[in-house]
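Asker: mind looking at a prediction? Sequence and model below.
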Amino acid sequence: MASTNFRLSDNVSRMAKLNSDLKLITIILLDLTQQEEFTNRTRREKKEKGFRYALCKWLGFVKRARIKVGETVHFPFDETDQVLNVELVVPHIKRTD
(Lines give C-alpha, C1' and ligand atoms only; values in the text may rest on other atoms or scores of the structure.)
Protein backbone atom coordinates (compact mmCIF):
# COMPACT_ATOMS: atom_id res chain seq x y z
CA MET A 1 0.00 0.00 0.00
CA ALA A 2 1.34 3.41 -0.92
CA SER A 3 2.37 5.66 1.94
CA THR A 4 4.99 8.33 2.59
CA ASN A 5 7.73 5.65 2.36
CA PHE A 6 8.24 2.84 -0.12
CA ARG A 7 9.88 -0.04 1.69
CA LEU A 8 10.91 -2.96 -0.44
CA SER A 9 9.72 -6.38 0.63
CA ASP A 10 12.30 -8.71 2.20
CA ASN A 11 12.04 -10.91 -0.89
CA VAL A 12 12.84 -8.03 -3.29
CA SER A 13 15.65 -6.80 -1.00
CA ARG A 14 17.17 -10.29 -1.02
CA MET A 15 16.89 -10.65 -4.82
CA ALA A 16 18.47 -7.20 -5.28
CA LYS A 17 21.23 -8.19 -2.81
CA LEU A 18 20.80 -4.89 -0.94
CA ASN A 19 22.28 -6.41 2.22
CA SER A 20 25.71 -6.47 0.57
CA ASP A 21 25.53 -3.14 -1.28
CA LEU A 22 22.94 -0.41 -1.78
CA LYS A 23 22.17 -0.12 -5.48
CA LEU A 24 20.27 1.81 -8.05
CA ILE A 25 17.03 0.11 -9.04
CA THR A 26 15.35 0.78 -12.36
CA ILE A 27 11.60 1.32 -12.12
CA ILE A 28 9.33 0.88 -15.12
CA LEU A 29 5.81 2.26 -14.91
CA LEU A 30 3.82 -0.15 -17.08
CA ASP A 31 0.43 0.97 -15.77
CA LEU A 32 0.55 4.40 -17.41
CA THR A 33 -0.75 5.16 -20.91
CA GLN A 34 2.82 5.93 -21.96
CA GLN A 35 5.38 3.63 -20.31
CA GLU A 36 7.97 5.49 -18.26
CA GLU A 37 11.34 4.32 -16.94
CA PHE A 38 13.69 5.87 -14.40
CA THR A 39 16.33 4.92 -11.86
CA ASN A 40 16.08 5.40 -8.11
CA ARG A 41 18.58 4.97 -5.27
CA THR A 42 17.92 2.69 -2.30
CA ARG A 43 18.51 3.35 1.38
CA ARG A 44 18.99 1.18 4.46
CA GLU A 45 16.86 1.69 7.59
CA LYS A 46 17.60 0.15 11.00
CA LYS A 47 14.81 -1.97 12.42
CA GLU A 48 14.46 -4.06 15.56
CA LYS A 49 16.42 -7.01 14.16
CA GLY A 50 18.62 -6.01 11.26
CA PHE A 51 17.72 -3.67 8.43
CA ARG A 52 14.99 -2.95 5.93
CA TYR A 53 15.41 -1.23 2.58
CA ALA A 54 13.46 1.52 0.85
CA LEU A 55 13.55 3.60 -2.29
CA CYS A 56 14.95 7.12 -1.92
CA LYS A 57 12.92 10.12 -3.04
CA TRP A 58 9.67 8.16 -2.74
CA LEU A 59 7.45 11.25 -2.89
CA GLY A 60 8.93 12.22 -6.26
CA PHE A 61 8.31 8.69 -7.54
CA VAL A 62 4.70 8.71 -6.28
CA LYS A 63 4.02 12.02 -8.00
CA ARG A 64 5.61 10.88 -11.26
CA ALA A 65 3.70 7.57 -11.16
CA ARG A 66 0.45 9.31 -10.13
CA ILE A 67 0.06 7.00 -7.12
CA LYS A 68 -2.06 8.22 -4.22
CA VAL A 69 -1.56 7.36 -0.54
CA GLY A 70 -3.56 4.25 0.31
CA GLU A 71 -3.47 2.72 -3.17
CA THR A 72 -2.07 -0.78 -3.60
CA VAL A 73 0.89 -1.10 -5.97
CA HIS A 74 1.58 -4.42 -7.74
CA PHE A 75 5.20 -4.74 -8.86
CA PRO A 76 7.15 -7.86 -9.81
CA PHE A 77 10.93 -7.55 -9.51
CA ASP A 78 13.23 -8.81 -12.29
CA GLU A 79 16.29 -10.12 -10.45
CA THR A 80 18.47 -10.42 -13.56
CA ASP A 81 17.98 -6.86 -14.78
CA GLN A 82 17.35 -5.33 -11.31
CA VAL A 83 14.09 -3.82 -12.56
CA LEU A 84 10.94 -3.14 -10.55
CA ASN A 85 7.93 -3.22 -12.92
CA VAL A 86 4.90 -1.31 -11.65
CA GLU A 87 2.12 -3.24 -13.40
CA LEU A 88 -1.00 -2.20 -11.56
CA VAL A 89 -2.13 0.45 -9.11
CA VAL A 90 -5.40 -0.35 -7.34
CA PRO A 91 -7.31 2.62 -5.90
CA HIS A 92 -8.09 2.61 -2.19
CA ILE A 93 -11.80 2.15 -1.52
CA LYS A 94 -13.08 3.57 1.75
CA ARG A 95 -15.42 1.21 3.56
CA THR A 96 -18.72 2.64 4.70
CA ASP A 97 -19.66 0.14 7.40
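Answerer: Happy to help now that I have it.
Asker: return the set of buried residues in the biggest strand by length in the chain.
Answerer: Longest strand in the chain by number of residues, with DSSP state E as the criterion: strand 36-46. For strand 36-46, a neighbour-count test (16 or more other CB atoms under 10 Å) marks Asn40, Thr42, Arg43 as buried. The way it works is simple: take the backbone N, C-alpha and C, and place the C-beta from them, glycine included.
Asker: skip the chain neighbours and tell me the closest residue to the first one.
Answerer: Just to be clear, that refers to Asn40. Leu55 (4.9 Å; CB to CB, 6 or more residues apart in numbering).
Asker: got a pLDDT number for that neighbour?
Answerer: With respect to pLDDT, Leu55 scores 84.
Asker: ok, what's across the strand from it?
Answerer: Thr42 (DSSP bridges).
Asker: quick one: list the elements packing against the helix or strand of the chain with the lowest mean pLDDT.
Answerer: Lowest by mean pLDDT, DSSP states H and E among the helices and strands of the chain is helix 58-65, with a mean of 77. Under the contact definition 3 or more CB pairs under 8 Å, 6 or more residues apart in numbering; DSSP states H and E, helix 58-65 sits against strand 24-29, strand 36-46.
Asker: would CSV of these with distance to Gly60 and mean pLDDT be doable?
Answerer: Listed next are the helices and strands packed on helix 58-65 as CSV, based on distance: least, CB to CB, whole Å; pLDDT from 0 to 100:
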stretch, distance to Gly60, mean pLDDT
strand 24-29, 11, 87
strand 36-46, 9, 86
